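>>> Return atomic coordinates for the entry below.
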Amino acid sequence: MIDSHCHLDHEPLFSNLNHVLLRSKEIGIEKILTICTTKESFKNILNIIQSDSMIYGTFGIHPHESSKNILTKEEISKEISLNKKIIGVGETGLDFYYNNSDKDSQIKSFKSHIDAAVQLNIPLIVHSRNAENETYELLKKSKCLKILMHCFTGSDSFAENLIPLGAYFSASGIITFSNSKSLQETFKKIPLDKLLIETDSPFLAPVPMRGKKNEPSYIQYTLNKLADLKNINKSKLDKITTDNFNKLFF
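Residues are numbered from 1 along each chain as shown. Reported below is the predicted structural model:
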C-alpha cells in the first residue's frame with residue numbers, strides 16, 4: 001500500500017512520527033507522500049522526508065493559502081529541483097466552497113503550479129471543490145500530462161472529462177462514509193489503472209475510525225472499501241494502486 005496524500009507536518013502526526021511510521025509499516029505501507037500546503041510547511045517537510053526512506057514530499061500552496069503564500073513558476077521549479085525526494089507539485093487547485101474565497105489569487109497560483117509541473121514533467125496534485133468547470137478548463141488548456149485529483153469528490157461528468165486528460169483519481173476515507181453513495185458510484189466507473197488511495201491524514205478518518213485523528217495506517221479501510229466497490233480482491237487492488245502510484249511518480 002501507498003498513502004499518496006497525507007500531512008505528516010500536521011499534529012498529532014508530527015509529534016508522533018516514529019509511532020505513526022511504525023504502525024504504517026506494520027500494515028504493509030511501502031511509501032508515504034507528505035503534502036505541502038504553505039511555504040512554512042515545506043520547511044518541516046524537508047526534514048520529515050530525511051527521517052525515513054519511505055517518505056517523499058511535494059512543494060506547493062493550498063488554494064486557501066494562495067493569497068498569503070505567493071509563488072512563481074520559477075520559485076516552485078527551483079525548490080523541487082534541489083531535492084530528489086520532492087516528487088510532486090502541490091497541493092494546488094481551486095476551492096470556491098467559501099463565499100469569501102479569493103478566486104483571482106487561487107487561479108493565478110494554480111496557473112503557476114501547472115506551469116511548473118509542465119516544466120519539470122512531474123505530477124500536479126490537484127485540490128478541487130465547488131470549482132469543477134474552472135478546474136477542468138485550466139487543466140484542459142495546459143500541457144500537463146501528469147495530473148492527480150487528490151481526495152476526489154467530484155461528479156461523474158467531472159471525472160469523465162478528466163480521464164481523457166490522463167488524470168488519476170485518489171480515493172480517500174470519504175468513500176467509506178454512509179452519506180457518500182453518489183461518490184461511491186463515481187468510483188465504480190473510474191478505470192482501475194487510474195486509481196490511487198490516500199488518507200489526507202490527520203483529516204477525514206475512514207469508517208470505522210471516523211471521529212479520530214486520521215493517520216496513514218488507516219488507509220487499509222479505504223482500500224477495503226474501494227475493493228468492495230470495484231468488486232475486486234483487496235490484495236489485487238493493493239498491487240494495482242501501488243503500481244499506479246509508481247507509474248505516475250517514478
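>>> going forward, measure contacts and count neighbours with C-alpha atoms only.
OK.
>>> Can you list the low-confidence ranges for this structure?
99-101 (pLDDT under 70).
>>> The longest strand anywhere in it pairs with which strands?
The single longest strand within the chain, with elements called by DSSP state E, is strand 86-95. Strand 86-95 pairs in its sheet with strand 55-59 (parallel), strand 124-129 (parallel), by DSSP bridges.
>>> which helices and strands sit right next to the helix or strand following that strand?
Remark: after strand 86-95, the chain's next helix or strand is helix 103-120, criterion DSSP states H and E. On a contact count with 3 or more CA pairs under 8 Å, 6 or more residues apart in numbering; DSSP states H and E, helix 103-120 meets helix 73-81, strand 86-95, strand 124-129.
>>> May I see those arranged in a markdown table, with mean neighbour count and distance to A167 as well?
Below are the helices and strands packed on helix 103-120 laid out as a markdown table (neighbours: other CA atoms under 10 Å; distance: least, CA to CA, whole Å):
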| stretch | mean neighbour count | distance to A167 |
| --- | --- | --- |
| helix 73-81 | 16 | 21 |
| strand 86-95 | 26 | 14 |
| strand 124-129 | 25 | 10 |
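>>> for the ones you listed, which one sits closest to F110?
Closest approach to F110 among the helices and strands packed on helix 103-120 (CA to CA): strand 86-95, 5.3 Å.
>>> can you give me the angle the closest one makes with helix 103-120?
150 degrees (axes from the mean of the first three to the mean of the last three CA atoms, to 10 degrees).
>>> coming back round to it: tabulate the helices and strands packed on helix 103-120 in a markdown table, adding columns for distance to M149.
Putting those into a markdown table (distance: least, CA to CA, whole Å) gives the following:
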| stretch | distance to M149 |
| --- | --- |
| helix 73-81 | 19 |
| strand 86-95 | 9 |
| strand 124-129 | 5 |
